[in-house]
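*Asks:* quick check, what structure comes out for this input:
(one chain, ligands or ions: 1)
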Amino acid sequence: MNWKETYESRKCTAQEAVQGIKSGDRVVFAHCVGEPKELVTAMVDNASNYRDVTISHMVSLGEGKYTWPEYKDNFRWDGWFTGGSTRSCLEQGHGDFVPVFFHEVPKLIRQGHFPIDVMMVMVSPPDDHGYCSVGVSADYTMQGIQSAKMVLAEVNSEMPVIYGDTFVHVSEFDKIVETSYPLAEIPLPKIGPVEEAIGKNCASLIEDGSTLQLGIGAIPDAVLYQLQDKKSLGIHSEMISDGVVDLYEKGAIDGSAKTIHNRKMVVTFLMGTKRLYDFCAKNPMIEMRTVDYVNNPTVIAQNSKMVSINSCLQVDFMGQVVSDSIGIKQFSGVGGQVDFVRGAAMSLDGKGKAIIAMPSSTLKKDGTRISKIVPYIDHGAAVTTSRNDVDYVVTEFGIAQLRGRNLKDRARQLIEIAHPDFREELEKAFQERFNASCK
Ligand code: COA
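*Replies:* All right, here's what the predicted structure looks like:
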């Protein structure tokens, strides 16, 4: 059979494809913009035919119906990153969360920690040789395809072909479902005066010729807005968003100073608007690789002047960074934060910087304003970036440089960049904590 005959013989509807899922299976699907929505919907519609199907994935942009209480006997969510649509099943007791560095996910799949019965993916239409591209999300998708007992593929006419380690032959798919719907888009974040000030503080740390990693949330985009006058910036980042396209078009990003993948932007998934996806489609400058390569700290470290920019929820006096939990509540996941913090620390020429940037305060659901810089982290919260790994912490009020500093110095610097409304109480807490004056 040639590939076209193979393709035709495996074509079916999404409803037919999900008949291959059996009770007790583990189903993994591509995440974020790569989520195969029609297959996921068909699986949930077919719920009454399954019991105890385990579902795992990283970032979800979908509805996450398989986590709803009415499906708790059919599906059990065992996620690697939580979000708005998947979080509540943890509190309701019928889902669970696996703490995992993103770069280790493919290895854990290979080693059998996450055995996959069914992998569901979204790919581009095949090229003349029968190869489809996993497009916007190579990360663990490629390993999932290689390790799963069964692969269900949505061939979406809207999925762009992205160059790099993204190509899969149609013969690898057990079932093929043709679809055509626009990719999910993430609205551009709102950048107010606080984010602008944080962006400016971060920009002051970024030298020409730096290679950047940009994390999730509004802050990394706010930083990008402030980099328009820089030169020879490069990208080696788990994900990129629309802000990178602006900087490329303004000439600030050209990758010319990169020490590996010179002149290329290295990424493992995309998360933005159609403008970003169109920019990356068949663009020789984009090198999409799997997450065990892109997020591997030893690979990241081969970039000179590597700068990672990530956000967090809370930082304590010692510099312990909480980014993925609010007290005992699992809020997101470590993702690639620690991968890049460590990679930047090991950066080739010793000029790497790991920046954790956040607004100094936030509003709680009940309307009370709280400081994100605290003497002690909340009861039950998990440390994401440890006090041994932390480097720069940035708020709208300034920059604290913590690496190599003792505990009192760290706390003093952090209080200086805390919101002024909280500095007095933080100074009192300093006195109690260290039995010494803060001044
Ligand atoms: N206590 C209680 N609530 C807090 C809080 C705190 N200390 N800090 C923030 N919050 C609340 C906010 O008020 C907000 O609530 P809302 O959703 O009701 O508005 C919510 O938590 C999210 O905060 P926000 O600052 O808007 O988040 P963000 O979208 O900028 O994302 C992180 C920030 C830290 C959650 C996100 O960057 C993350 O998940 N990081 C971990 C993974 C990572 O860094 N990966 C990097 C590679 S991709």
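*Asks:* for the stretch 201-350 of the chain, list the residues in contact with the ligand, please.
*Replies:* 215-219, 238-239, 310-314, 323-324, 326, 331-332, 334-337 (CB under 6 Å from any ligand atom). The C-beta positions use only the backbone N, C-alpha and C, and glycine is treated the same way.
*Asks:* let's see 5 Å
*Replies:* Residues of the stretch 201-350 of the chain that fall close to the ligand, judged by CB under 5 Å from any ligand atom: 215-218, 238, 310-314, 323-324, 326, 332, 335-337.
*Asks:* what subset of the residues you listed is buried?
*Replies:* 215-218, 238, 310-314, 323-324, 332, 335-337 (16 or more other CB atoms under 10 Å).
*Asks:* among the residues you listed, which has the minimum pLDDT value?
*Replies:* On pLDDT alone, residue 217 ranks lowest of those, at 78.
*Asks:* residues contacting it?
*Replies:* 189, 311 (CB atoms under 8 Å, 6 or more residues apart in numbering).
*Asks:* look up how far residue 3 lies from whatever residue of the stretch 101-250 of the chain ends up closest to the ligand.
*Replies:* Using CB to the nearest ligand atom, the closest approach of the stretch 101-250 of the chain to the ligand is made by residue 217 at 2.8 Å. Distance, residue 217 to residue 3, by CB to CB, to the nearest Å: 42 Å.
*Asks:* where do the strands sit along the stretch 251-400 of the chain?
*Replies:* 265-270, 286-288, 306-310, 314-316, 321-322, 325-326, 329-330, 353-357, 361-363, 369-371, 373-374, 392-395, 398-401 (DSSP state E, counting those that start in this stretch).
*Asks:* could I get the ones you listed in CSV, plus columns for distance to residue 382?
*Replies:* Shown next, in CSV, are the strands of the stretch 251-400 of the chain (distance: least, CB to CB, whole Å):
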stretch, distance to residue 382
strand 265-270, 23
strand 286-288, 30
strand 306-310, 15
strand 314-316, 11
strand 321-322, 7
strand 325-326, 5
strand 329-330, 8
strand 353-357, 15
strand 361-363, 18
strand 369-371, 18
strand 373-374, 15
strand 392-395, 18
strand 398-401, 22
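*Asks:* most tightly packed of the ones you listed?
*Replies:* Highest mean neighbour count among the strands of the stretch 251-400 of the chain (mean count of other CB atoms under 10 Å): strand 306-310, with a mean of 29.
*Asks:* got any ranges where the stretch 251-400 of the chain has weak pLDDT?
*Replies:* Applying pLDDT under 70 to the stretch 251-400 of the chain flags no residue at all.
*Asks:* hey, where'd the helices end up in it?
*Replies:* Under the criterion DSSP state H, counting those that start in this stretch, the stretch 251-400 of the chain contains helices at 274-280, 291-294, 297-300, 337-345.
*Asks:* identify the residue nearest residue 270 in space, chain neighbours excluded?
*Replies:* residue 136 (4.4 Å; CB to CB, 6 or more residues apart in numbering).
*Asks:* what ranges of the stretch 1-150 of the chain fall below the confidence cut-off?
*Replies:* Using pLDDT under 70, the stretch 1-150 of the chain has no residue that qualifies.
*Asks:* now the helices for it?
*Replies:* Counting by DSSP H, counting those that start in this stretch, the stretch 1-150 of the chain has these helices, from start to end: 3-10, 14-17, 37-45, 88-91, 105-110, 141-147.
*Asks:* name the strands paired with the helix or strand just after the last one and say parallel or antiparallel.
*Replies:* Note on helix 141-147: by DSSP states H and E, the next helix or strand toward the C-terminus is strand 150-156. Take DSSP bridges as the rule and strand 150-156 pairs in its sheet with strand 118-123 (parallel), strand 175-179 (parallel).
*Asks:* averaged pLDDT, the following helix or strand past strand 150-156. What do you get?
*Replies:* Helices and strands here follow DSSP H and E; after strand 150-156, the next one along the chain is strand 167-169. Averaged over strand 167-169, pLDDT sits at 98.
*Asks:* list the buried residues for strand 167-169?
*Replies:* So strand 167-169, judged by 16+ other CB under 10 Å, has buried residues 167-168.
*Asks:* what does that strand rub up against?
*Replies:* Outside strand 167-169, the residues touching it (CB under 8 Å, 6+ apart) are 3, 123, 129-134, 142, 145, 153.
*Asks:* sheet partners, orientation included, of it?
*Replies:* strand 131-133 (antiparallel).
*Asks:* picking up where we left off before, for the contacts of strand 167-169, work out which two are farthest apart.
*Replies:* 3 and 142 (18.9 Å; CB to CB).
*Asks:* neighbour count winner among those two?
*Replies:* More crowded of residue 3 and residue 142, by other CB atoms under 10 Å: residue 142, with 24 against 15.
*Asks:* and the residue nearest to that one when sequence neighbours are not counted, how many neighbours does it have?
*Replies:* Nearest residue to residue 142 in three dimensions, chain neighbours excluded: residue 290, at 5.0 Å (CB to CB, 6+ apart). By other CB under 10 Å, 22 other residues sit near residue 290.
*Asks:* so what's residue 422 up against?
*Replies:* By CB under 8 Å, 6+ apart, the residues touching residue 422 are 360-361, 371, 373.
*Asks:* now residue 271
*Replies:* 32-33, 59, 136, 186, 216, 239-241.
*Asks:* just the closest of the residues you listed to residue 199, please.
*Replies:* residue 241 (14.0 Å).
*Asks:* how about the nearest residue to the closest one, chain neighbours excluded?
*Replies:* Closest residue to residue 241 apart from its sequence neighbours, by CB to CB, 6+ apart: residue 272 at 4.2 Å.
*Asks:* isn't that neighbour right up against residue 242?
*Replies:* Yes. Assessed by CB atoms under 8 Å, residue 272 is found in contact with residue 242 at 4.3 Å.
*Asks:* overlap in contacts, these two.
*Replies:* Common contact partners of residue 272 and residue 242 (CB under 8 Å, 6+ apart): none.
*Asks:* ok, residue 6 - contacts?
*Replies:* Residues counted as contacts of residue 6 (CB under 8 Å, 6+ apart) are 130, 170-171.
*Asks:* my bad, residue 375
*Replies:* Going by CB under 8 Å, 6+ apart, residue 375 touches 316-317, 411, 426, 429-430, 432-433.
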